[in-house]
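1. Everything below, folded, please.
(chains A, B, C and D)
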Number of protein chains: 2
Amino acid sequence: MRLNGVDTVFRALADPTRRAILRELRGGERTAGELAQLFPLTKSTLSGHFAVLKAAELVWTEKRGTQVIYRLNTTVFQEVVAGLLDLFGPVEKEAARDPEAG
Amino acid sequence: MRLNGVDTVFRALADPTRRAILRELRGGERTAGELAQLFPLTKSTLSGHFAVLKAAELVWTEKRGTQVIYRLNTTVFQEVVAGLLDLFGPVEKEAARDPEAG
DNA sequence: TCGTTTGTTGGCTTATTTGCCAAATAGCAA
DNA sequence: TTGCTATTTGGCAAATAAGCCAACAAACGA
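-> You can find the predicted model right below:
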């Protein structure tokens, strides 16, 4: 969230392919190529999805030689839940809620 | 979730106006007209957003005379969190996860 | 350097989403 | 019925998003 905004994160999560990528990453780090192999999509299409996930900070990347490693950023999970509480939780003091959050 | 699929819910949450509607509903039920007044959008545009939220079962509706009452469906919150755990949580037994969830 | 492997970027098409206005529908009351 | 209020639906334009292919860039090994 933070700088990115809830919007970027929720939009990133709105696509089934991107959610599948995240689920795959639960099993540990994967290279872009390994991930791409798992989907009936071209590498460039996947690369676009990676970019969206990266922009939302849902994944970390690291360059290793010619390949790029993707890892899940689990800390964002907590922030997403916080965002959900902002939507479904009890109404708190108005000042306590981030007016930019929506 | 359920019949609708995670997809419908996440997509519904991906729009800032719809999230603002949900936040407004935390304060209690509102009529379509009351909600529409809060946004710089036409009633028909808001009606479209309501339809998306309703399809995702994020809100309940009730017709009262000429007006339609919207209420937050907080039970879906738990399902969304479950969906998030499916994305960020530890890898569980493969059979334990809903293969249709993504 | 040359060629190969690995990923990303640019350009394009198609599909989806968001918004508006105008018209239609539904309930209620005169 | 007629009229009034409240909301949804249909049709359309503009913006976004997702996909592909082709070209480009970066890192490595021969």
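2. Say whether chain B is contacted by the helix or strand of chain A with the lowest mean pLDDT.
-> The helix or strand of chain A with the poorest confidence is helix A:75-88; it has a mean of 86 (mean pLDDT, DSSP states H and E). Yes: residues of helix A:75-88 are located near chain B by Cβ under 8 Å from any Cβ of the partner chain, namely A:76-77, A:80-81, A:84, A:86-88. Every C-beta, even on glycine, is put in place using the N, C-alpha and C of the backbone.
3. quick one: buried residues of that helix?
-> Judged by neighbour count (16 or more other Cβ atoms under 10 Å in any protein chain shown), helix A:75-88 contains these buried residues: A:76-77, A:79-81, A:83-84, A:86-88.
4. Please apply the same query to stretch A:15-22.
-> Applying 16+ other Cβ under 10 Å to stretch A:15-22 flags A:15, A:17-22 as buried.
5. do the same with stretch A:38-53
-> Under the neighbour-count rule (16+ other Cβ under 10 Å), stretch A:38-53 has A:46, A:49-50, A:52-53 buried.
6. could those residues be laid out in CSV, adding distance to A:T61?
-> Compiled in CSV, the buried residues of stretch A:38-53 are given as follows (distance: Cβ to Cβ, whole Å):
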residue, distance to A:T61
A:L46, 13
A:H49, 13
A:F50, 8
A:V52, 13
A:L53, 9
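7. Just give me the closest of the residues you listed to B:L35.
-> A:V52 (29.9 Å; Cβ to Cβ).
8. ok so, going back, and the buried residues of helix A:75-88, which is closest to A:A32?
-> Nearest member of the buried residues of helix A:75-88 to A:A32, counting by Cβ to Cβ, is A:V76, at 19.7 Å.
9. Would you confirm that the closest one contacts A:A55?
-> No: look at A:V76 against A:A55 with Cβ atoms under 8 Å: they stay out of range, at 11.8 Å.
10. Name the nearest of the buried residues of stretch A:15-22 relative to B:R11.
-> Nearest to B:R11 among those, with distances taken as Cβ to Cβ, is A:D15, at 8.6 Å.
11. confidence score at the closest residue to the closest one other than its chain neighbours?
-> Nearest residue to A:D15, sequence neighbours excluded (Cβ to Cβ, 6 or more residues apart in numbering or on different chains): A:H49, at 7.0 Å. According to the prediction, A:H49 has pLDDT 98.
12. Contacts made by the host helix or strand of A:H49 with the rest, please.
-> Secondary-structure assignment from DSSP states H and E places A:H49 in helix A:43-55. With contact meaning Cβ atoms under 8 Å, 6 or more residues apart in numbering or on different chains, helix A:43-55 is reached by A:4, A:8, A:11-12, A:15, A:17-18, A:21-22, A:32-33, A:35-36, A:39, A:59, A:61, A:70.
13. Point out the ones among those that are inside helices.
-> Within those, residues falling in helices by DSSP state H are A:8, A:11-12, A:17-18, A:21-22, A:32-33, A:35-36.
14. Now render the residues you listed as TSV, adding pLDDT and distance to A:G65.
-> TSV is the format used below for the ones in helices among the contacts of helix A:43-55 (pLDDT from 0 to 100; distance: Cβ to Cβ, whole Å):
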residue	pLDDT	distance to A:G65
A:T8	95	29
A:R11	97	32
A:A12	97	27
A:T17	98	26
A:R18	98	25
A:I21	98	21
A:L22	97	24
A:A32	98	12
A:G33	97	12
A:L35	98	17
A:A36	97	17
